[in-house]
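*Asks:* requesting a structural model of the entry that follows:
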Amino acid sequence: MGNETKKTTGSVKISEDVLIKIAETAACEIDGVAKINNRLEPPSTLAKFRGPVRVKVNGESAAIKFDISVLEGFNAVSVAESIQKSAKSAVQNMTGFTVTKVDVNVAGVKFLEEKSENGGVTE
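*Replies:* Residues are numbered from 1 along each chain as shown. Model prediction:
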């Protein structure tokens, strides 16, 4: 499930769950991504079940897949490209893994409510 790197002093294992958390945190920093409590908002029932972020590890490399919703008013392609760059950079810098690809599936658009009780716009 994780990756093991042998060093002269021992070995280091990094769980796929850690890679998922790093990638998700990087994606949540991008403007225009729908999120709840600093976690990606799953755009569908399937994404709720399997999670909005998945990682496949192969030796010293990883492939990352996202299912996201974009907030209304944001360019979906720009948001997806920003996620690709941010997630790849974060995972590579924090773990030393080579990220071979980052797939982003824009599976929904989250519309903002027009008015809240206090007259402001809410998410």
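*Asks:* helix or strand with the lowest mean pLDDT in the protein?
*Replies:* strand 3-7 (a mean of 60; mean pLDDT, DSSP states H and E).
*Asks:* quick test: name the residue nearest the centre of this protein.
*Replies:* Taking C-alpha atoms, centre = their mean as the criterion, E24 is the residue nearest the geometric centre of the chain, at 3.3 Å.
*Asks:* can you tell me what sits against stretch 73-86?
*Replies:* Counting contacts by C-beta atoms under 8 Å, 6 or more residues apart in numbering, the residues outside stretch 73-86 that touch it are 26-27, 29-33, 66, 68, 70, 102, 104, 106, 109, 112. From N, CA and C alone the C-beta is placed, and that goes for glycine too.
*Asks:* can I get it as PDB, trimmed to CA atoms?
*Replies:* Backbone C-alpha positions of stretch 73-86 (Å, rounded to 0.1, in the frame of the first residue of the first chain) are rendered in PDB as follows:
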ATOM      1  CA  GLY A  73     -17.800  32.100 -12.100                       C
ATOM      2  CA  PHE A  74     -14.400  30.400 -12.400                       C
ATOM      3  CA  ASN A  75     -12.900  29.000 -15.500                       C
ATOM      4  CA  ALA A  76     -12.900  25.200 -15.100                       C
ATOM      5  CA  VAL A  77      -9.900  24.600 -17.300                       C
ATOM      6  CA  SER A  78      -7.800  27.100 -15.400                       C
ATOM      7  CA  VAL A  79      -8.800  25.700 -12.100                       C
ATOM      8  CA  ALA A  80      -8.000  22.100 -13.300                       C
ATOM      9  CA  GLU A  81      -4.600  23.200 -14.600                       C
ATOM     10  CA  SER A  82      -3.700  25.000 -11.400                       C
ATOM     11  CA  ILE A  83      -4.600  21.800  -9.400                       C
ATOM     12  CA  GLN A  84      -2.300  19.800 -11.700                       C
ATOM     13  CA  LYS A  85       0.600  22.000 -11.100                       C
ATOM     14  CA  SER A  86       0.000  22.500  -7.300                       C
END
